[in-house]
Structures are given as structure tokens and as C-alpha cells.
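Trainee: Here's my sequence, what's the structure:
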Amino acid sequence: MMAVGTANAGDAPNTMNQDAFSLLQAVEIAQNTTGGVALEADRDMEHGQAVYEIELVGKDGMDIKAVINASNGEVIKTKSRRDHDGDDHDDDMTDAEWMSHINNGTFMSLEQAVKQAEAEFGGKAYSAEHDDDHGRTSYEIKLVDAKRQTC
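Mentor: Purely as a prediction, here's the structure:
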């Protein structure tokens, strides 16, 4: 299941092509750099610079956070820590369980969900996160369209 969310105007780009690197490109850079699989990605502003904050899970179960510059694709930082599911999420399912479902094809990957949302709604994603609320799994994808409307 996929939900389309309401945007926080401070995080949304002003146009579909404002950032030289898209959310999907930032996810690819983060995955290639860390070896992890992306579970969430969000555009944010830090010190006046647009960045993508990517949350990943490593093969060893480590939580990984990567920050990617939206203008040049530079990896600003990566940070790993032991899995602390429940600290930041209200999810019923652990990241490892979520990954298991992605790997066996039960759930679509973040990249698949973003591509589907962009194709269906004609916009460009700047935020994607997974959610498991009492057994109901979904991705929430935030998009900006050609008219700078967020959906």
C-alpha cells in the first residue's frame, strides 16, 4: 500500500528540478557507499543546504544513516549504530523483519515505491518512509509536481 502525504513547505524543493540529485539518486549513492538497503529517505535543509537524509539497514542488522548533498551528490557523513528499533518509529515490525519481506518479495522496496508514486502522480519524490501500523504496511511518499504543488 502507498500513501501520498502532505508536505512541510520547508523541506520541499521549489521546483521538480531544483536539486541536481534526486531522492532516488541519493538513495543509490547511500546504498553504494554503505552497502545497506534504504528504508527511508527525506530531503531536509541543513545550514541553508539541501540534503537527503537516508536511513538504511546493513546486512549485519546495523542501522545506518547517510547524509547526501542534493546539489552535488557528495556523501557528507555516514553513521552506523546497533539496531534500536522502536527508538524512532512507532512500527510494529523491526527493520530486519521489514527487510525480510522486501527480500522475499512480499513488500516492494523503497525504490520501487518511489518509482510507482512518481509515475502514478507525475511528480518527483523528496521524501519516502515505510510504516507498519498494527499490521498495516505502507510507504508514505511526498512529491512535488511541475507547478510546485506538493502531494
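Trainee: Identify the bridge partners of the spatially most central residue of the chain.
Mentor: The chain has Ala41 as the residue nearest its centroid, 2.0 Å off, counting by C-alpha atoms, centre = their mean. With DSSP bridges as the criterion, Ala41 is bridged to Ile54, Ala128.
Trainee: can you pull the contacts of it?
Mentor: 23, 26-27, 30, 52-55, 110, 114, 127-129 (C-beta atoms under 8 Å, 6 or more residues apart in numbering). Every residue, glycine included, has its C-beta placed from N, CA and C.
Trainee: where along the protein do the helices fall?
Mentor: 23-34, 95-103, 110-121 (DSSP state H).
Trainee: in the first one, what counts as buried?
Mentor: Right, helix 23-34. 23-24, 26-31, 34 (16 or more other C-beta atoms under 10 Å).
Trainee: again with the second one
Mentor: Buried residues in helix 95-103, counting neighbours by 16+ other C-beta under 10 Å, are found at 95, 98-99, 102.
Trainee: now do the last one
Mentor: Neighbour-count burial for helix 110-121, with 16+ other C-beta under 10 Å as criterion, is recorded at 110-111, 113-114, 117-118.
Trainee: That one - contacts with which helices or strands?
Mentor: Packing partners of helix 110-121 (3 or more C-beta pairs under 8 Å, 6 or more residues apart in numbering; DSSP states H and E): strand 2-4, helix 23-34, strand 37-46, strand 124-133, strand 136-144.
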